[in-house]
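Asks: Could you work out the structure for the sequence below:
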Amino acid sequence: MKILLTGSTGQVGYELERSLQGLGEVIAVDRGRMDLADLDQVRDVIRAVRPQLIVNPAAYTAVDKAESEPDLAHRINAEAPAVMAAEARALGAALVHYSTDYVFDGRMADARVESDAVGPLNVYGASKLAGERAIAASGVPHLILRTSWVYGMRGKNFLLTMLRLARERDELRIVDDQHGAPTWSRTIADTTALILAQARAGGQPWWEENGGIYHLSSQGRTTWCGFTAAILEEAGIDCKLVPITTDQYPLPAARPRYSALDSSRLQERFVRLPEWREALHLCLR
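Replies: Numbers count the residues shown, from 1 in each chain. As a prediction, this is how the structure comes out:
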C-alpha cells in the first residue's frame, strides 16, 4: 500500500511517519512540497504519487490568528481536504483526516458523541467542520478522527509553552473554566496505525462498514489549569499556579467551555485509549 502523508513536520504528522511504517510505503510530504494553501499543488502531488491511502494531519491550527485570516483558514482546512477527497476518489483510494473538538459550541457539560449537534464558536472550528462535510459529501472511503488539546515534545503546543514559562516565571495564571482532554500526538498516531492495520486486512468492505467520524482523544477530562498542574508535577518544576476565568484572559477567538469528546465508539470498534494523565506521564518520560 502506498500512503501519502501530509504535514510530516507537524506534531501529529511527525509521529505518524513513524507509526505508519510497516503498513506500506509512506511518502511523507511537508509544507515545502505540498502547501495546502496551493490547491493546484495539492492536486499535482496526489496525481504524481497515486497513493492508495492519503493521511492528512496537516491543517491551519492558529486558532486566534484564524479570526483575521478566515479565507486562508478555510482554504487549508476545508478546500484542500475537499480536493484530497475528490482526487482520492478518482484514484480509488481512501482518506484519513483529522478534525477537532472545536466543531462543538461547548455549552453542555457532557462529553460530546459523534452524532451530537455541532456549532463552532470560532473561524478555526468552522473551517474544520467545513472540511469534514466536504469529505463526507465526496463519497470517498474515509475516516474523520476528531481529537482535542493536542500536545507533544515538538512544535508549538501548550505543554512546551508551560514548561518554558514555568522555568522563566515565578507564577502562572491559567484558565480553569474550560474543560477538555489533553491528547498526546503519539496516542493519535499509534491509534491511527492500529486502525489502519485492521483496514488493510479488511479491504474495501472494511471501509464500507467502518468509515465515518470517530472521536479520538485521551480519556477523562481536566481544565487548562489542571493540565498545567499535572505538567509541573510530572516535570518536577516548582512554580505558583493561579486559576483564572476565561473572562480574565480574553483572546480573539472564543473557546468552548466544555469540549471533552466521548471516544466510546472508537474504543468499542478498535482499541482502548489511555487516560490523559497516563499519556502525559509517558510523554514526559
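Asks: Thought His179 was touching Ser259, still the case?
Replies: Yes: between Ser259 and His179 there is a contact under C-beta atoms under 8 Å: 7.0 Å. (Glycine included, C-beta is placed from N, CA and C.)
Asks: which one of those two has more residues nearby?
Replies: Ser259 (25 against 18; other C-beta atoms under 10 Å).
Asks: Without its sequence neighbours, what residue ends up closest to that one?
Replies: With C-beta to C-beta, 6 or more residues apart in numbering as the criterion, Ser259 has its nearest non-adjacent residue at 3.9 Å, and that residue is Asp101.
Asks: pLDDT weak spots in this protein?
Replies: Within the chain, no stretch has pLDDT under 70.
Asks: any idea how far the residue located most distally from the centre of it lies from Ala229?
Replies: Computed with C-alpha atoms, centre = their mean, the residue of the chain farthest from its C-alpha average is Asp170, at 31.8 Å. Noted for Asp170: a distance of 16 Å to Ala229, by C-beta to C-beta, to the nearest Å.
Asks: Flag every buried residue along whichever helix in the chain runs longest.
Replies: Determined from DSSP state H, the single longest helix within the chain is helix 185-210. For helix 185-210, the neighbour count (16 or more other C-beta atoms under 10 Å) marks 185-193, 195-196, 199, 206-207, 210 as buried.
Asks: elements contacting that helix?
Replies: helix 11-19, strand 53-56, strand 94-100, strand 142-147, strand 150-151, helix 264-269, helix 276-284 (3 or more C-beta pairs under 8 Å, 6 or more residues apart in numbering; DSSP states H and E).
Asks: Most tightly packed of these?
Replies: strand 53-56 (a mean of 27; mean count of other C-beta atoms under 10 Å).
Asks: Just give the nearest non-adjacent residue to Gly106, would you?
Replies: Pro256 (2.2 Å).
Asks: burial count for the one you found?
Replies: 24.
Asks: which ones are touching it?
Replies: 101-102, 104-107, 121, 178 (C-beta atoms under 8 Å, 6 or more residues apart in numbering).
Asks: and if we set it to 10 Å?
Replies: By C-beta atoms under 10 Å, 6 or more residues apart in numbering, the contact set of Pro256 is 101-108, 112, 119-122, 125, 148, 178-180.
Asks: Would you map the helices across the protein?
Replies: 11-19, 39-49, 70-74, 80-91, 123-138, 158-168, 185-210, 224-235, 264-269, 276-284.
Asks: Show me the one of the ones you listed that comes nearest Ala58.
Replies: Ala58 lies closest to helix 11-19 among the helices of the chain, at 6.5 Å (C-beta to C-beta).
Asks: what angle do the closest one and strand 94-100 make?
Replies: If you take axes from the mean of the first three to the mean of the last three C-alpha atoms, to 10 degrees, helix 11-19 sits at 140 degrees to strand 94-100.
Asks: Kindly export helix 11-19 (C-alpha atoms) in PDB.
Replies: Provided in PDB are the C-alpha atoms of helix 11-19 (Å, rounded to 0.1, in the frame of the first residue of the first chain):
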ATOM      1  CA  GLN A  11       3.100  17.400  15.800                       C
ATOM      2  CA  VAL A  12       0.900  14.600  14.600                       C
ATOM      3  CA  GLY A  13       2.500  14.200  11.200                       C
ATOM      4  CA  TYR A  14       5.900  13.600  12.700                       C
ATOM      5  CA  GLU A  15       4.600  10.800  14.900                       C
ATOM      6  CA  LEU A  16       2.500   9.300  12.000                       C
ATOM      7  CA  GLU A  17       5.600   8.900   9.800                       C
ATOM      8  CA  ARG A  18       7.000   6.600  12.500                       C
ATOM      9  CA  SER A  19       3.700   4.800  13.400                       C
END
